[in-house]
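J.: Would you be able to build a 3D model of this:
(chains A, B and C)
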Amino acid sequence: MSSDLGASLRRGDRAVLARAISVAENGGAKAQALLERIGPANVSHPVVGITGTSGAGKSTLIDQLVAELRARDQTVAVVAIDPSSPFSGGAVLGDRCRMNRHQADKGVYIRSLSARGGTGGVSAGVDRVIQVLQASPFDLILVETVGAGQSEIDIRGIADTCIVVCTPNSGDDIQAIKSGILEIADILVANKSDLADSNKNVGQLIMAQSLPSNARPIPVLSTIATTGEGVDTLADRLLELCGSERVTGANDLRASARRRLAGAVARKLERHLIDAHDDDFEQIAASVHRGECVIDEAAARWVRKVTDSG
Amino acid sequence: MMQTPPRVLVTKIGLDGHDRGSRLVAAALRDAGMEVIYTPPWQDVEDVVRLAQDEDVDVVGISSLATDHLLVPGLMVALKRAHLDHVGVVVGGIVPHDEEALLIAAGVSRVFHPGSPMEEIAREVSQLAANARQQAPELLD
Amino acid sequence: MAKSNTPRKLEPDGQQDPDRERWQRDYQAQLPAETPVVNRSGIRINPLYDETNWSGTRYTQQLGYPGQIPMTRGIYPSMHRGQTWSQRQLIGFGVPSDYNARLHKLLESGVSAVSLIPCNSVYRGFDADQVPRELLGTCGVVLNTVDDMDACFSGVDIAQLSTAQNDPSPFTLLALLLAVAKRRGIPWTRITGTSNQSDYISHYVANHMFFRLALPGARRMLVDHIAFTLEQVPGWNPLSIVGQHMQQAGATPAEAMAFTLCTAIQYAQDCIDRGLDPELFFPRFTFFFDISISLFEEIAKFRAGRRIWASIVRDTFGVKNPKAWRFKFHAQTSGVDLTRQQPLNNISRVTAQAIAGILGGLQSLHTDAYDEVLCVPTEDAARIAINTQNILREEAHLTDVIDPLGGSYYVEALTDQMEDKIREVMDTVESAGGMYKAVQEGIVQTRIGESALGFQRSLDTGEQTLVGVNAYESEGVEPPVAVLERPNKESVTQYLEGLDTYKQSRDTPAVARTLDGLATAANSERQNVYAAVVTAATAGATHGEIVARLREEFGTGDPLIVP
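T.: Down below sits the predicted model:
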């Protein structure tokens, strides 16, 4: 079976896909072996990151977006990531509750992942999971990240195109502007546009773009995810962006790969820190505490040690 | 001990829609370190098999009321047909003795009655997940 | 907006009563380190209440007389002394002939009001031939056609009987009942009862099984249903707003009351937007609550609810008709408090819950049988449940005095505090734009889920005792096994054959036309969709056919699941 693993995936074998995703997510030697066996992807399906604060309506929006994409004959894989409990490491993964109507559609694959302690909204194994999905025939890969707060910058490291979802309530939009989250967006979605302040919300988002740090204007779309209003436009815009020169042009591909590599490196280190509880770390920490070395130097020392040991 | 957290599907089949119990069990399993894939009620047997496969779970937990559990033997057959018979299956709900025996004979590992302590449920499910992992066919040989 | 009750000092010069101080010291000496006692709604409960907690100086504003604003003490001048609460027991099992047999037995025992509980397949909107056979008739009666309804009430004069049917949107069971009335030559004006479970919001939130049509469609159906019955079935209560599901799903008593009142406000607004007259529709609003075993909390909950509702209808909506200010409610003892272990304890529990409901001033009561957790109640258990009510009324004399706890320092202080809590929760819903919007967002569901988890934790830690389960367990005694009565296999087979014959022998084109008419009405701006439902039922359409057609037009209801 393993010799034609890549072929099974490319053929769309879901049983193989599901298990391959687990192996990839769990990392280690088996994941390495799996990815080698699959080989590099000869086609790159667009990876779309969808992020925003919790309560912005991301899952509901994705549910509608998937319907629109299916109506445009696109097959879709959705990776839905939920936060893990900092106490137990476990997680309740319930995003697919809002996407239940796609349950039986063979053109849709939904996988629920736990952030497994990752702090940036994206888990360490997600990169590998996406590599596996790239080997399968889904036209688009949507990744929904943890809406934990304003630290969703990480999604840029794995996605080609980023959708950031905001709502008019609780100063979401202002927070978004302040935290710089707008800078990672390729499309801004102002959801729940039926609520009172929504015009103000969209206005602020457009205005925020005239800040000097922004090089190009980003489309701002209004939606009401619960009814589906505005999602057809979103689907069209998204497919436009995914197929456009800007994304598939050589320079941008390199930039995209660079970003993804940076993200993967950061996550690898983070994983080490989460998993490692060894004496060296404790000793270095003790040195810092005693004032024997500055924290920057300690961090560098630690990184050297970790990378040396692989 | 498992290296990576057990993955458990918590779902409902049949007609009932009460989910207070299944929600509480999901939270308890999370607090015991497991990853719980939680779904809306009214899943068909085929839906459950697809969910178990797509999410590559170790254990399937069915929350049942009324006679919904009578559909579980059909589920066990469908899981076997999909080469998922290594996956542990548990049922929680109001199940009379003779029907409990029916479920166990069909391959259900355990039936939890109302009032079962959460730690007991978590412990058993964790054990079943470990067994499932051991018995699961290897992807890479 | 919250009305709080500030404690008063007894002595005008600010000095505390020396006797009270002495009691406090003595109490402290006996119990130096005590964990605070907090009720389910999160209100701290003191060991003693006196005039410093509540004094009766504002009797007219805070209590009033029964039947008068502020309504705290009761909605009628004579309450249970004048007319005892209705004993309305739930029945439903098997096939229509089974229901009919049980109905006759009940009528012989003297009840004048019955419920009808349909099968889970009916709740899900299906006809019996659309679901696996093993799921039929175990928890309610299978009832799909006008012939079935006729059979359920065979030999019974429906003009003399008040029927409460568990009949969610699009209310096909009432439509079938009206079709039977037509058949029997009984004018619709003589049909009385209630559309139990007409509250689609409570289903969306907490009793998913009953939720059949997508929200906007359900919203339209309810107002059409109210408009239709107001005009054509004036003896019928089209609306029962349900707090029971939310409380059973884990909402605290204060939350359950708050969410229910917010739902009622939402429906009232929808009716007003339609152009219906509040003076006419408010008197037809009824409520349905859970009664938990937190005895005083429940009494306070009902008293506070009654007071808040009167003020909402009279002051917020400006309704002049005093009948409209009445908070009429049916209540059921909570099955969630009952245990499988040592089930006879449930008799004691149901008794305590029933006392709470009676002293809280309900209009109608269902007491659970002790074996409710295990099965559809056996006859013996059902009899004990009814006799519990008889004993409380006739031996314990609970009906001799109206609102006997009125004026109690504790109960009045707690009623005020519950009112504050309830209003606080209501404010969160109103600031989300009202109940309809709040439930679409999932705000209500999330809060209920958190309360459920909180309660479970208190059970897990033992902070809340559950006799026979986490305390006072019987060593080595196996809890009794569930005895699930199954409908007779033969009867189910016969039923299915009958359904098939029925469908074959109808005037199929006529039925099809009415179903098309139903679709047209659903897509129109102004046509009353419920009138079209009744037309279809009268022409012979089945329950499943009507629901399916409306699902096509309005969309199938998908409750928001918040894990």
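
J.: switch to C-alpha atoms for all contacts and neighbour counts from now on
T.: Fine.

J.: Verify the stated contact: residue C:51 with residue C:410.
T.: No: using C-alpha atoms under 8 Å, residue C:51 is not in contact with residue C:410, being 9.6 Å away.

J.: Those two - which one has more neighbours?
T.: Counted by other C-alpha atoms under 10 Å in any protein chain shown, residue C:51 and residue C:410 do not tie: residue C:410 has more neighbours, with 22 against 15.

J.: Pull up the gap between the more buried one and chain B, please.
T.: Plainly put, residue C:410 is 32 Å away from chain B if you go by C-alpha to the nearest C-alpha, to the nearest Å.

J.: quick one: that residue and residue C:398, what's the gap?
T.: Noted for residue C:410: a distance of 19 Å to residue C:398, by C-alpha to C-alpha, to the nearest Å.

J.: Next: residue B:33.
T.: From residue B:33 to residue C:398 the distance is 51 Å (C-alpha to C-alpha).

J.: Tell me the buried residues in the helix or strand hosting residue C:175?
T.: In this structure, residue C:175 sits in helix C:172-183 according to DSSP states H and E. Buried residues in helix C:172-183, counted by 16 or more other C-alpha atoms under 10 Å in any protein chain shown: C:172, C:173, C:174, C:175, C:176, C:177, C:178, C:179, C:180, C:181.

J.: Can you tell me which of these is nearest chain A?
T.: residue C:172 (26.1 Å; C-alpha to the nearest C-alpha).

J.: Measure how buried the nearest residue to that closest one once chain neighbours are set aside is and give me the count.
T.: Closest residue to residue C:172 apart from its sequence neighbours, by C-alpha to C-alpha, 6 or more residues apart in numbering or on different chains: residue C:543 at 5.9 Å. Residue C:543 has 26 neighbours, counted by other C-alpha under 10 Å.

J.: so residue C:543 makes contact with residue C:146?
T.: No: assessed by C-alpha under 8 Å, residue C:543 is found out of contact with residue C:146, at 9.1 Å.

J.: for chain C, what are the nearby residues on the stretch 1-150 of chain A?
T.: A:92, A:94, A:97, A:98 (C-alpha under 8 Å from any C-alpha of the partner chain).

J.: ok, so of the residues you listed, who is nearest residue A:264?
T.: Nearest to residue A:264 among those: residue A:92, at 24.9 Å, using C-alpha to C-alpha.

J.: quick one, phi/psi of that closest one?
T.: Here is the backbone geometry of residue A:92 (degrees, to the nearest 10): phi -100, psi 120.

J.: Neighbours of it, how many?
T.: Look at residue A:92: counted by other C-alpha under 10 Å, it has 27 neighbours.

J.: mind listing what the nearest residue to it once chain neighbours are set aside touches?
T.: Once flanking residues are discounted, residue A:92 sits nearest to residue B:36: 4.8 Å by C-alpha to C-alpha, 6+ apart. Residues counted as contacts of residue B:36 (C-alpha atoms under 8 Å, 6 or more residues apart in numbering or on different chains) are A:90, A:91, A:92, A:93, B:7, B:8, B:9, B:10, B:26, B:29, B:30.

J.: Tell me which two in those residues are the farthest apart.
T.: Maximum pairwise distance in these, criterion C-alpha to C-alpha, is 14.2 Å, between A:90 and B:10.

J.: and the residue of chain B nearest chain A?
T.: For chain B, C-alpha to the nearest C-alpha, closest residue to chain A: residue B:33, 3.8 Å.

J.: ok so, going back, tell me, what's touching residue C:543 and residue C:146 both at once?
T.: Here residue C:543 and residue C:146 have residue C:537 as joint contacts, going by C-alpha under 8 Å, 6+ apart.

J.: list the contacts for the closest residue to residue A:94 other than its chain neighbours?
T.: Excluding its sequence neighbours, the residue lying closest to residue A:94 (C-alpha to C-alpha, 6+ apart) is residue B:38, at 5.1 Å. Listed by C-alpha under 8 Å, 6+ apart, the contact set of residue B:38 reads A:92, A:93, A:94, A:96, A:97, B:9, B:10, B:11, B:26, C:563.
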